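>>> The sequence isn't on hand, but the structure is:
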């Protein structure tokens with residue numbers, strides 16, 4: 001449930017990979033360069049040789065001794081796969097053992113009607129991209145999946161609305177063997193911003209995504225936290241005075257009923273973000289009123305949250321922020337109205353800098369670290385979305401080369 005937002009100390013395997021990325025080396029050269037024993041080096045190399053990250057070749061020798069074994073980094077070997085599926089787009093990446101992106105796909109407005117079909121479509125597109133580029137996918141060690149599913153320990157979800165982790169596993173294992181590490185898309189997007197984007201080197205911030213829904217999470221002391229039950233940061237379901245409309249969560253008047261894309265479009269009488277933007281630019285009264293109401297509600301909620309945890313920044317993301325960059329300053333002004341005026345507050349409101357591929361990369365990274373540590377790190381693996389959503393480790397493995405049905 002909790003993820004570090006700073007890279008952990010490199011393992012011996014990581015150091016070997018970094019060294020071999022510069023040039024091939026012998027075991028003796030690696031021992032000397034990395035200041036490690038031959039025994040420890042052998043253990044680490046066994047892992048890298050097994051997963052295909054490193055290969056060996058015999059060099060010719062003019063002496064009487066045995067030929068020297070030269071260790072070579074396989075720069076095209078995929079170590080981890082990351083997928084990220086939202087209501088509006090799908091993304092997938094393949095990473096090497098060093099974290100380099102070897103293949104990537106981004107599908108906007110996927111034709112598939114269900115989350116499972118979207119995951120399947122993304123897997124197929126990513127596998128095809130890897131095949132075209134000659135990427136080696138024979139030894140994938142980790143798969144991470146971000147999906148818009150409630151992941152808290154005691155969360156319940158309708159099986160008709162959301163796939164189970166077992167169902168997701170059956171899809172991804174048609175291409176890659178590892179049981180996937182599954183978590184929420186918003187958490188993966190926030191983790192990406194913390195590691196490589198707008199939140200890099202920030203010890204604390206609130207991440208809020210304004211899209212088909214309103215999702216949030218919290219980074220505190222360089223950790224993406226889940227709270228006692230994994231539900232920390234559900235700011236989209238704080239009640240605001242601006243609305244009494246029913247929310248999909250079962251409550252009324254949630255921030256999501258005012259500040260989500262569907263809510264804004266409904267209020268303006270339009271069907272999509274492009275039409276909404278056109279109406280706002282044309283100074284249409286209903287569209288502008290709806291956006292102003294959303295900004296006020298977002299600022300109120302963030303102000304209350306800031307009083308509680310005093311973050312270093314607020315990172316806003318999603319199609320609404322992309323379409324209306326001016327909401328950053330407007331939300332900041334409204335948020336500061338909720339803060340104590342007699343105290344100095346230094347909370348920047350900034351836009352996210354990474355897109356869906358960043359979230360997919362975070363999913364792959366989390367899965368990779370989970371596989372390296374050989375312990376579960378995701379909400380689904382550690383706590384589960386009830387018993388029905390625990391990873392199905394007994395699910396049958398399928399051929400990596402099998403095409404999507």
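Sure, I can see it. Since the structure is predicted, the reported quantities are computational estimates derived from the model, not experimental observations. Numbering: from 1, shown residues only.

>>> C-alpha only now, for contacts and for neighbours.
Will do.

>>> So the closest residue to residue 329 other than its chain neighbours: helix, strand or coil?
Residue nearest to residue 329 in three dimensions, not counting chain neighbours: residue 349, with 7.3 Å by CA to CA, 6 or more residues apart in numbering. Taken by DSSP: H, G, I helix; E, B strand; the rest coil, the conformation at residue 349 corresponds to strand.

>>> got the contact list for residue 349?
Remark: with contacts taken as CA atoms under 8 Å, 6 or more residues apart in numbering, residue 349 is in contact with 313, 314, 315, 316, 328, 329, 331, 332.

>>> what ranges do the helices span in the stretch 201-350 of the chain?
256-259, 261-268, 273-281, 285-309, 319-323, 327-336 (DSSP state H, counting those that start in this stretch).

>>> Could you name the helices and strands sitting against the first one?
Under the contact criterion of 3 or more CA pairs under 8 Å, 6 or more residues apart in numbering; DSSP states H and E, the helices and strands touching helix 256-259 comprise helix 261-268, helix 285-309.

>>> For residue 206, the count of nearby residues, please.
26 (other CA atoms under 10 Å).

>>> pLDDT weak spots in the stretch 1-150 of the chain?
Low-confidence segments of the stretch 1-150 of the chain (pLDDT under 70): 1, 59-67, 110-112, 150.

>>> can you map out the strands along it?
Remark: strands assigned in the stretch 1-150 of the chain by DSSP state E, counting those that start in this stretch are 3-4, 25-26, 54-58, 69-73, 80-85, 89-95, 101-108, 142-147.

>>> okay if I get those strands as a markdown table plus distance to residue 116 and mean neighbour count?
Output for the strands of the stretch 1-150 of the chain, formatted as a markdown table (distance: least, CA to CA, whole Å; neighbours: other CA atoms under 10 Å):
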| stretch | distance to residue 116 | mean neighbour count |
| --- | --- | --- |
| strand 3-4 | 26 | 17 |
| strand 25-26 | 44 | 18 |
| strand 54-58 | 34 | 16 |
| strand 69-73 | 35 | 19 |
| strand 80-85 | 9 | 32 |
| strand 89-95 | 11 | 26 |
| strand 101-108 | 15 | 19 |
| strand 142-147 | 10 | 29 |
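
>>> okay if I get those as JSON lines plus distance to residue 284?
Formatted as JSON lines, those follow (distance: least, CA to CA, whole Å):
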{"stretch": "strand 3-4", "distance to residue 284": "43"}
{"stretch": "strand 25-26", "distance to residue 284": "67"}
{"stretch": "strand 54-58", "distance to residue 284": "61"}
{"stretch": "strand 69-73", "distance to residue 284": "59"}
{"stretch": "strand 80-85", "distance to residue 284": "33"}
{"stretch": "strand 89-95", "distance to residue 284": "29"}
{"stretch": "strand 101-108", "distance to residue 284": "28"}
{"stretch": "strand 142-147", "distance to residue 284": "35"}
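
>>> Residue 249 is nearest to which of these?
Nearest of the strands of the stretch 1-150 of the chain to residue 249, taken as CA to CA: strand 142-147 at 17.0 Å.

>>> and the closest one, what other elements does it pack with?
strand 80-85, strand 181-184, helix 185-196, helix 356-373.

>>> okay, the angle between the last one and strand 89-95?
If you take axes from the mean of the first three to the mean of the last three CA atoms, to 10 degrees, helix 356-373 sits at 40 degrees to strand 89-95.

>>> what residues does helix 356-373 touch?
Contacts of helix 356-373 (CA under 8 Å, 6+ apart): 79-84, 89-95, 99, 104-106, 141-146, 180-183, 185, 188-193, 376-378.

>>> Ranking the helices and strands packed on strand 142-147 by mean neighbour count, which comes first?
The highest mean neighbour count among the helices and strands packed on strand 142-147, using mean count of other CA atoms under 10 Å, belongs to strand 80-85: a mean of 32.

>>> That one to strand 142-147, inter-axis angle?
Using the same axes, to 10 degrees: strand 80-85 against strand 142-147 is 10 degrees.
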